[in-house]
Each structure stands twice: as C-alpha cells, then as structure tokens.
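# Below: sequence and its predicted model.
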Amino acid sequence: MSRRWVSVGGVRIGAGAPVRVQTMTKSHDTPQIIKEIRRVYRAGAELVRVAVPDEETLKDLPQIIKKSPLPVIADVHFSPALALGAIEAGAAKLRINPGNIRSKRDLKKIAMTAKDRGIPIRIGVNSGSLPPAVIKRFKHPTAEAMIAALSDSVKLFEDFGFRDLVLAAKSSDVLTTIEAYRAMHEKFGYPLHLGVTEAGLPFEGAIRSTAAMAPLLLEGIGDTIRISLTGPAEKEVEACWELLRSLGLRERGVKLISCPGCARTEIDIQRLAREVKKRLAVIKEPLTVAVMGCVVNGPGEAKEADYGIAGGKGQGVIFRKGEIVATVSEEKLLDSLVSLIQKDLV
C-alpha cells in the first residue's frame, strides 16, 4: 500500500520522513504554555500539541502560535466551534476525536475549513472514548473496536473529499495498542501517530510506551510519536529521543551509557553519571559517552564510545575514541570530561 504524507507547519510526516517527536503542553494559562513550548523545543520536540478546551484558550491561541518556535497542533474535543476557531486562529494541524464530535454536518464543516486552510487533521480514537454504537457492538474497547470506529471516521472524511489525515488509535494496554497499529498499517495508507494513552508516571510510562512502540517502529510502523507521561512535557521529549536513538532510527544529542555499579566500583558512579548527563544536555550533536565505575568493563565500553570515563580508587581515566587522554583525580573527572568534549566541539 502506498503511504501518504502531510505537512504540519513545514514539518513533513509520513512517506519516508523521519519519525517525528511531539509532545503536549500541560499548563493552563497562556504565559506558562508559551514557556513550556520553549522548554520542549530546547529538549528536541518537533511538534507541540496544545489543548483548546474553552473560549479563553481559543482567544489566546493566535498569541501562542505566534510565539511558538514549533508548529502548534490544536487539540479539541466535543466543540465544533472551538475546532473551527482553532483552524481560523492559525493552528498548523487539528486533532479531533469524531467519537465526541458526532454531527456529520459539523465534521464536514471542520474538514472543509481545514482543507481551505491547507492543514491536516489527526483523527484520534481512544479506547476510553469510543462511540456508544461501537461499544454496544464489541462490548469492550478491543483493537478491533478501535479499528471499526476509526474506519467509520476515515470513510466519513474521505466522503468529504478530505485526505490530509493522520490516524491514531490509542489504548492504555500495550498488547491492544500493538494489535491496533498493525491492523491500521495494513488497512490505511495514512501517516500514523503512535502512543500509549494514560501510560503512567515517568518510570512506568516510559517502559509501557517503549514496550508498545519499539516493536512497531522496528516493523516500520509509525510516523510520529508521543510518550505520554504523568510528568513534565520535556521528559516526554527526552524519552522519545532515547527510544528513537536506541532503535537506530534518529540521532540527536548525547547517548549516555553507564554501568550499574557494584562492589568493584570505588567512585560515586550514580552521582557522576547524573552530573555528566546534566552537563551535556545542551549538546545537540550525536555523541556516545560512557561513564564506567571500574576497569573490568570500563575500558572496553569507553573504547566503543566517542568519550568515556573509567573509574578507579579516587581517580579515573578519560578516553577519546578508545585512547586514554588523561588520568585525573575523582573530583576532577567531571570537569575534565566536559571540558574535553566542549573543546573538541568548538
């Protein structure tokens, strides 16, 4: 099946474009939303979604869009008027769930207005908000039920003559998510937005999201992703990039590898690894940096990295491309490593 693509404020999604990283703001007032967008931009987000739950947010949406360094996707539920208003305000993309905007007349007006403005629409169905008729038919929010709901919506928009679509069918269950997206990939040629809804706190949410998305991405399924976490939006972006880096799909910033620490470790490896990650967070160039606690695995792992530390008793060695460049005391390890990397990148 041929794959379609859409452009969201100049960012291409689908048909061979890189898997795009997006997140959603979590603040409620406009100044905080703008600050949050700038934080996720620095973290590496390529698209940002903003909820438009009321007239007050809609009124401020043009200001948010103007000050955003990222294309803004308006996320609207229930209200056709807010959806139309978000398009008129200049949103680069609209996200709606036809399960809670059910009037065919309203949906057609939304589609035609988006078509006139040249912006795509993401049709997103969630396992927790399927249309009553679909729940009545399938009893439970299964993958098959989500595909049925999505199929009805896609046909509706195609009947309107609107095909600049991105599709999503999210569940909080990992296996249901995988099943649904495999079926979507076979059935539809539209770009797919991957995600696990209500994934949870950062630790659990990142694991659940990775468990669902990694096999799909390795199968070539998915064009844009969000790792939804009960936590700061920039942490979602960091998790997305870590997933894409780990799968060899995208490269950006520092990939930190570090040993877990054991009785052989004679330096504070946990503190050191955290500080290295923090100090190197501003680097956008793809680098691998190893922070190792002893000489058992340290030199070998550091040799494979662009830069690395292998600790000893009160001191450690610093590597560049497998070559030792310095032996320094433990208290100078961090500064020496960061200084070396920054000097090389100038």
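Now that the structure is in, tell me what you want to look at.
# Nearest the geometric middle of the protein, what residue?
Residue closest to the mean C-alpha point of the chain, counted by Cα atoms, centre = their mean, is residue 226 at 3.1 Å.
# Would you enumerate the residues in contact with the closest residue to that one other than its chain neighbours?
Excluding the flanking residues, the one nearest residue 226 by Cβ to Cβ, 6 or more residues apart in numbering is residue 195, at 4.7 Å. Backbone N, C-alpha and C define where each C-beta goes, glycine included. Contacts for residue 195 (Cβ atoms under 8 Å, 6 or more residues apart in numbering) come out as 168, 170, 209, 213, 225, 226, 227, 228.
# next one: residue 306
Contacts for residue 306 (Cβ under 8 Å, 6+ apart) come out as 287, 288, 289, 320, 321.
# Go ahead and confirm the residue nearest to the centre of the chain touches residue 19.
No - at 11.2 Å, residue 226 does not count as touching residue 19 under the criterion of Cβ atoms under 8 Å.
# Just the contacts of residue 306: which are in strands?
Among the contacts of residue 306, DSSP state E puts 287, 288, 289, 320 in strands.
# Roughly how far does the last one sit from residue 287?
Pointing back at residue 320 there. Separation of residue 320 from residue 287 (Cβ to Cβ, to the nearest Å) stands at 11 Å.
# list the residues that contact both of those two?
With Cβ under 8 Å, 6+ apart as the test, residue 320 and residue 287 both reach 306, 307.
# Just the buried ones among the contacts of residue 306, please.
Buried members of the contacts of residue 306, scored by 16 or more other Cβ atoms under 10 Å, are 287, 288, 289, 320.
# Pairing partners for the third one in the sheet, please.
Applying DSSP bridges to residue 289 gives these bridge partners: residue 256, residue 307.
# For stretch 130-150, the averaged confidence score.
Mean per-residue pLDDT for stretch 130-150: 89.
# which residues does the residue nearest to the centre of the chain contact?
Each residue near residue 226 by Cβ under 8 Å, 6+ apart is listed here: 21, 22, 23, 24, 49, 193, 194, 195, 236, 240.
# at 10 Å instead, please
For residue 226, the contact set (Cβ atoms under 10 Å, 6 or more residues apart in numbering) comprises 20-24, 45, 47, 49, 168, 170, 193-197, 199, 209, 213, 233, 236-237, 239-240.
# And for residue 173?
Residue 173 touches 127, 141, 142, 143, 179, 180, 196, 197, 198, 208, 212, counting by Cβ under 10 Å, 6+ apart.
# List the contacts of the helix or strand hosting residue 133.
Using DSSP states H and E, residue 133 sits in helix 132-138. Here helix 132-138 makes contact (Cβ under 10 Å, 6+ apart) with 99, 102, 125, 129-131, 141-142, 144-150, 152.
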